[in-house]
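K.L.:
Need the 3D shape of this:
(one chain, ligands or ions: 1)
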Amino acid sequence: MRTSTALQTGVVLLVAVAAAAQDAGAPTYSEHVAPMLQQKCGSCHRPDGIGPMSLLSYANARRHAFTIKSRVEQRVMPPWHLDRSVGIQDYKNDISLTDGEIAAIVRWVDAGAPEGDPSKLPPPVEWPTGGEWTLADEMGRPPDLVVTSAPYTVKPNAQDQWWTPSAEFEGLTEPRWVKASEFKPAYPHGKKVVHHGHAQLMQDGPDGPRVMRALGRYGVGKPGDIFPEDIGMLIRPGGVVSWNLHYYPIDVEVPDDVVEVGLWFYPKGKDPSLETQGEVRFTADQGGDMPWAGDIVIPPNSFKAQQGIHVLDRPALMHSFRPHMHMRGKEQSVEAIYPDGTREVLGKVDRYSHIWQISYLFADHAKPLLPKGTMLLVTSLWDNTAANPLNLDPDQWVVFGQRGVDEMSHIWLGMTYLTDGQYEEMAAARRRAEPAGGGQ
Ligand code: HEC
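P.N.:
Okay, the predicted model is just below:
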């Protein structure tokens with residue numbers, strides 16, 4: 001295998017070198033490719049990043065040139081799995097490459113990955129080290145409050161492990177509005193073993209009933225949340241933080257692992273006018289309110305789709321969506337059916353990959369504003385065939401469960417519920433912002 005791969009690579013290199021001679025005007029690393037790799041790949045593909053290799057030097061970029069070409073051509077990298085043919089296309093955190101950028105990378109590789117003139121290299125970026133808060137830069141300071149999980153020792157070379165400690169919530173003396181939160185596994189080992197997790201705050205609401213607030217939700221590719229302007233999550237002193245941490249072991253023991261959640265508050269006296277629930281779970285499978293959602297059964301070597309429908313009993317502003325399935329997940333979408341019967345796909349991923357938990361953050365002007373009575377239709381599609389590269393065994397029947405080899409089917413929607421008055425005001429503001437005579 002190795003020899004034939006080496007041979008193939010050799011042949012391809014020769015072809016590439018031949019091509020290089022014919023493409024004198026091809027993009028060069030220093031001038032055209034390095035800036036793209038820095039901006040669109042460097043946050044993960046750097047010595048301390050979560051990517052498997054650094055792509056920040058010419059030698060590294062050239063060594064990986066052929067895999068870079070294939071991953072960017074297939075739009076597998078950077079990880080951004082949105083269906084580009086349907087649904088809202090404006091996102092705050094869009095890290096995908098443009099068609100022009102992809103064409104430039106492909107042409108560069110086909111031309112033999114020329115270096116060009118190193119004096120044209122972009123100035124180097126100062127990346128945060130692996131242990132720093134990734135939102136600190138944008139927020140302008142370290143978090144205002146840090147909540148820490150009880151330590152857990154992750155056994156090496158074992159099955160998935162779950163750790164669900166609870167602790168009293170301390171550190172607040174008065175209600176505060178959360179502007180941003182980040183869930184940070186420990187550096188360096190925690191980052192490798194924490195697959196996903198959340199920290200939920202359970203506390204009494206002002207009128208009595210218990211309320212649950214997600215302090216931090218994490219998956220690879222999703223470290224935290226910054227709420228849109230004028231939207232915050234209100235938390236009060238007291239209550240209990242319950243952690244749900246899913247560990248996936250590596251080959252060494254990781255002793256006493258702790259996870260931190262950092263919270264940034266709105267300044268006192270600058271309260272936002274809208275209170276958000278943060279990410280709310282909507283399901284495509286039935287029984288989402290039960291501890292074990294019941295009805296996922298995927299036969300061997302087959303595709304399966306499932307839909308769930310949810311009627312909004314209040315108007316809402318949606319700021320994000322984050323698909324969640326496991327290894328057989330292929331597509332997931334959320335569609336709105338408005339009270340007047342019109343339908344609109346809000347967001348859809350068509351290349352879901354269980355490795356990633358990406359939260360797609362709608363651009364401010366594109367955030368769906370949903371009237372009361374809107375139906376949200378969640379659709380999930382699984383691929384339990386051999387064509388799915390993450391499928392370990394297409395001959396298995398697959399059912400609901402927590403392990404990566406079992407399935408799930410929910411989507412996390414960033415929701416801010418509105419009063420009728422707030423909805424009317426926002427709808428009027430949007431109508432005013434539309435060009436005269438416009439419409440959708
Ligand atoms: C958000 C983090 C992130 C960003 C941004 C990102 N990558 Fe990756 N990349 C990863 C991770 C993690 C893997 C390994 C898991 C996987 O393949 O999904 C990976 C895998 C790869 C691989 C396959 C490596 C192999 O040997 O199998 C290539 C090639 C690659 N990335 C290139 C790129 C390029 C080029 C960009 C920018 C245009 C980019 N990546 C942006 C995190 C990232």
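K.L.:
how about the nearest residue to residue 343 once chain neighbours are set aside, what does it touch?
P.N.:
Spatial nearest neighbour of residue 343, excluding adjacent residues (CB to CB, 6 or more residues apart in numbering): residue 337 at 5.0 Å. Just so you know, the C-beta spots here come from the backbone N, C-alpha and C atoms, and that holds for glycine as well. The contact partners of residue 337, taken as CB atoms under 8 Å, 6 or more residues apart in numbering, are 343, 374-377.
K.L.:
just residue 222 next, same as before
P.N.:
If you count contacts by CB under 8 Å, 6+ apart, residue 222 has them with 322, 357-359.
K.L.:
Now flag whichever of the residues you listed is closest to the ligand.
P.N.:
residue 358 (8.2 Å; CB to the nearest ligand atom).
K.L.:
Looks like that closest one contacts residue 91 (just checking).
P.N.:
No: judged on CB atoms under 8 Å, residue 358 makes no contact with residue 91 at a distance of 10.0 Å.
K.L.:
Could you check which of those two has the larger neighbour count?
P.N.:
Comparing residue 358 with residue 91 by other CB atoms under 10 Å, the one with more neighbours is residue 358, at 22 against 19.
K.L.:
what pLDDT does the more buried one get?
P.N.:
Listed pLDDT for residue 358 reads 90.
K.L.:
for it, phi and psi?
P.N.:
As for residue 358, its main-chain torsions (degrees, to the nearest 10) stand at phi -100, psi 130.
K.L.:
Now it: closest residue in space that isn't a chain neighbour?
P.N.:
Closest residue to residue 358 apart from its sequence neighbours, by CB to CB, 6+ apart: residue 221 at 4.7 Å.
K.L.:
Okay, that neighbour and residue 357: tell me how far apart.
P.N.:
According to CB to CB, to the nearest Å, residue 221 stands 6 Å off from residue 357.
K.L.:
Let me know how buried residue 201 is, in neighbour terms.
P.N.:
Count around residue 201 with other CB under 10 Å applied: 23.
K.L.:
Does it have any beta-bridge partners, and if so which?
P.N.:
The residues listed as beta-bridge partners of residue 201 by DSSP bridges are residue 213, residue 241.
K.L.:
I figured it hits residue 171, correct?
P.N.:
No: Residue 201 lies out of contact with residue 171 (CB under 8 Å); the separation is 11.4 Å.
K.L.:
any idea how far residue 215 is from residue 197?
P.N.:
Remark: distance between residue 215 and residue 197 (CB to CB) = 11 Å.
K.L.:
quick revisit: wait, which of the contacts of residue 337 is closest to the ligand?
P.N.:
Taking the contacts of residue 337 together and measuring to the ligand by CB to the nearest ligand atom, the closest member is residue 376, at 27.6 Å.
K.L.:
and the helix or strand hosting the closest one, what other elements does it pack with?
P.N.:
According to DSSP states H and E, residue 376 maps onto strand 375-383. Under the contact definition 3 or more CB pairs under 8 Å, 6 or more residues apart in numbering; DSSP states H and E, strand 375-383 sits against strand 278-283, strand 303-311, strand 329-337, strand 410-417.
K.L.:
now do 7 Å
P.N.:
If contacts are counted by 3 or more CB pairs under 7 Å, 6 or more residues apart in numbering; DSSP states H and E, strand 375-383 sits against strand 278-283, strand 303-311, strand 329-337.
K.L.:
Okay, angle between the last one and strand 303-311 too, please.
P.N.:
For strand 329-337 and strand 303-311, the angle between their directions (axes from the mean of the first three to the mean of the last three CA atoms, to 10 degrees) works out to 30 degrees.
K.L.:
ok, strand 329-337: who's next to it in the sheet?
P.N.:
Within its sheet, and counting by DSSP bridges, strand 329-337 is paired with strand 343-349 (antiparallel), strand 375-383 (antiparallel).
K.L.:
Check the stretch 151-300 of the chain for the residue nearest the ligand and tell me.
P.N.:
Closest point on the stretch 151-300 of the chain to the ligand, by CB to the nearest ligand atom, is residue 221, at 5.2 Å.
K.L.:
contacting residues around the host helix or strand of residue 430?
P.N.:
Element membership for residue 430 (DSSP H and E) is helix 420-433. When contacts are defined by CB atoms under 7 Å, 6 or more residues apart in numbering, helix 420-433 is touched by residues 274, 315, 317, 369, 371.
K.L.:
From the residues you listed, which shows the smallest pLDDT?
P.N.:
Scoring these by pLDDT puts residue 274 last, at 92.
K.L.:
And that one, its phi and psi?
P.N.:
The phi and psi torsions at residue 274 (degrees, to the nearest 10) take the values phi -120, psi 140.
K.L.:
and what of residue 41?
P.N.:
According to degrees, to the nearest 10, residue 41 has phi -130, psi -30.
K.L.:
Quick check: the gap between it and the ligand.
P.N.:
Using CB to the nearest ligand atom, to the nearest Å, residue 41 is found at 3 Å from the ligand.
K.L.:
Let me see the ranges of the strands in the stretch 1-150 of the chain.
P.N.:
All strands of the stretch 1-150 of the chain, identified by DSSP state E, counting those that start in this stretch, fall at 145-148.
K.L.:
Quick one: name the residues of it near the ligand.
P.N.:
40-41, 43-45, 50-52, 64, 67-68, 71-72, 77-79, 95, 97 (CB under 6 Å from any ligand atom).
K.L.:
got it, and the stretch 151-300 of the chain?
P.N.:
Residues of the stretch 151-300 of the chain lying near the ligand (CB under 6 Å from any ligand atom): residue 221.
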